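1. sequence-free structure coming up:
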Ligand code: HEC
Ligand code: HEC
Ligand code: HEC
Ligand code: HEC
């Protein structure tokens, strides 16, 4: 989500020249992992924000990804029904064999009628599906596409498969099903600067978490008669110049002017493709409108969290989180040391972004996130914000009542740290070095 404002800037720049553009997403829009039940409400809210941003950016359609399914049938239906972005999947089917969402959509881009159909991965957790998407199954993508293609081909000039099946399967699809012009794939995080060509199908792939955007220029010359890489045309032009200056052309290129010109004309008569993958670095800057959507969304989250604040857990569960205040009396010097570390201020890192109640951020910036008696969205406890003693040493109530009987984790292992210090947020974590910095007896 943090990448949306940059993505919007990129897209605005791309479409500003007026060249007809089709903006697509290959799926898993809402989450990259299976969320627990309490996290779903927040994911749906975030989903609404993402869709609003995508509509504003001009997205036409998105494939239904397998992770999207774990939001649950009701939630996904609600999201799909709330937006002009088409959710496409031809192979996600009800028991009676009918597609759950639109199998395809047809849209006109410039003068070209484009048919776009969606495919979802079969790589789904059957138990989760039974729970959250009952009665729905994922049919084989290839047989589904074969059945759909002839019909769609008749109605359109160009066919795009929007898939979330991985690039390996995309290749198989291109080999087995005739008539797909372009596959816009996802799932496998393949970095494809230039599209692959398998038979007469181009395969492109989205990168993960919108960190980069794939761009494919297709320059049609009248009727589509096969693809030719833009770099090949440029190369042949260059060779022609070399020849005209009396130089030697490279091997594999016709050595006479006539032959080379013929080769170049042939290449030019086909549809020129220029692919690229653009990393969304900070040079793109944040789009103001999309950034303001995110600000409003986070403001709303904060308002809700405030309404739900629970000062402390009064339940009589004997084993519970207490917060670091409960440790001070007996561990004075460690408490003083901890208070000086970044962990003791972890929530304030979120303040400049207004993300203090954003559940994309909270799991690692509070204590006991979503654990029983820990910090939860339903009952946020101010005494459990920041990364406190118990985030590393475990729930403290039993220990506090009888330290002689109940010990705590003496030396929190790397696995605890790595619950938060994952590469996405800390690419330089070193347990041996870093563990000496977090908890010292002064
Ligand atoms: C998976 C755990 C995790 C999540 C989720 C997470 N963070 Fe962090 N965050 C960390 C860790 C670990 C560090 C410390 C990084 C370091 O030591 O360099 C950190 C540090 C930070 C810092 C301060 C260091 C800096 O780079 O300036 C900010 C600001 C921050 N996070 C903001 C956020 C925001 C905003 C979100 C939600 C969009 C978020 N974090 C979500 C784990 C996380
Ligand atoms: C970020 C994780 C982290 C936090 C937060 C943290 N500790 Fe620790 N704690 C450790 C690690 C790691 C060690 C072992 C350090 C070492 O190698 O000396 C440790 C050691 C200790 C020990 C000594 C255990 C022994 O060997 O007898 C005590 C007591 C302790 N911590 C108490 C606290 C208290 C009280 C707080 C909160 C005020 C706290 N810790 C916060 C990670 C943490
Ligand atoms: C009533 C006093 C008291 C309170 C309150 C207290 N501790 Fe302790 N803690 C002790 C004693 C006593 C020991 C054993 C010290 C020793 O053997 O050196 C101990 C040991 C520990 C150890 C070492 C683990 C072990 O089993 O030896 C950790 C970690 C620890 N405490 C963390 C905490 C944390 C976190 C809190 C707050 C939630 C806390 N303590 C609150 C008295 C207390
Ligand atoms: C609950 C999540 C969480 C756990 C568990 C956790 N950390 Fe952190 N850690 C953070 C966050 C978030 C920050 C950044 C806080 C900030 O900058 O505001 C951070 C910051 C740090 C920093 C300071 C980095 C800096 O550049 O200032 C060190 C060092 C560190 N953690 C080491 C550890 C070690 C070692 C462990 C395990 C013993 C551990 N952390 C466990 C979330 C966690």
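-> Here it is on my side, so go on. All values reported here derive from a predicted model rather than from experimental measurement. Ligands and ions are numbered 1, 2, ... in the order given.
2. contacts, neighbours, all on C-alpha from now
-> OK.
3. and the protein, which of its residues are near ligand 2?
-> 324, 327, 331, 334-335, 338, 387-389, 391-392, 410-412, 435-436, 438-439 (CA under 6 Å from any ligand atom).
4. Throw together a PyMOL command that grabs the buried residues out of those.
-> Selecting only the buried entries of the residues of the chain next to ligand 2 in PyMOL, with 16 or more other CA atoms under 10 Å as the criterion:
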select buried, resi 324+327+334+335+338+387+388+389+391+392+435+439
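5. Return the subset of the residues of the chain next to ligand 2 lying in helices.
-> Within the residues of the chain next to ligand 2, residues falling in helices by DSSP state H are 327, 334-335, 338, 389, 391-392.
6. Go through those and say which is closest to residue 308.
-> residue 391 (22.1 Å; CA to CA).
7. and the gap between the nearest residue to the closest one once chain neighbours are set aside and residue 385?
-> If the residues on either side of it in the chain are set aside, residue 391 comes closest to residue 367, at 5.1 Å by CA to CA, 6 or more residues apart in numbering. Distance of residue 367 to residue 385, computed by CA to CA, to the nearest Å: 6 Å.
8. Packing partners of whichever helix or strand residue 5 is part of?
-> Using DSSP states H and E, the element containing residue 5 is helix 4-15. Packed against helix 4-15 by the contact rule (3 or more CA pairs under 8 Å, 6 or more residues apart in numbering; DSSP states H and E) you find helix 37-57, helix 288-308.
9. Go through the ones you listed and name the closest to ligand 1.
-> Nearest of these to ligand 1, taken as CA to the nearest ligand atom: helix 288-308 at 10.4 Å.
10. How many residues are close by residue 353?
-> 12 (other CA atoms under 10 Å).
11. do you know how far the residue lying closest to it once chain neighbours are set aside is from residue 40?
-> Excluding its sequence neighbours, the residue lying closest to residue 353 (CA to CA, 6+ apart) is residue 295, at 7.8 Å. Distance from residue 295 to residue 40, counting by CA to CA: 20 Å.
12. Residue 96 now?
-> Taking CA to CA, one finds residue 96 at 28 Å from residue 40.
13. Just want to know which of those two has more residues nearby.
-> Neighbour count, other CA under 10 Å: between residue 96 and residue 40, residue 40 has more, with 17 against 8.
14. ok so, going back, switch the ones in helices among the residues of the chain next to ligand 2 over to JSON lines; also include pLDDT and distance to residue 213.
-> Shown next, in JSON lines, are these (pLDDT from 0 to 100; distance: CA to CA, whole Å):
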{"residue": "327", "pLDDT": "96", "distance to residue 213": "49"}
{"residue": "334", "pLDDT": "96", "distance to residue 213": "47"}
{"residue": "335", "pLDDT": "96", "distance to residue 213": "46"}
{"residue": "338", "pLDDT": "97", "distance to residue 213": "42"}
{"residue": "389", "pLDDT": "98", "distance to residue 213": "41"}
{"residue": "391", "pLDDT": "98", "distance to residue 213": "37"}
{"residue": "392", "pLDDT": "98", "distance to residue 213": "38"}
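15. Could you single out the nearest of those residues to residue 58?
-> Closest to residue 58, out of all of those and judged by CA to CA, is residue 391, at 42.2 Å.
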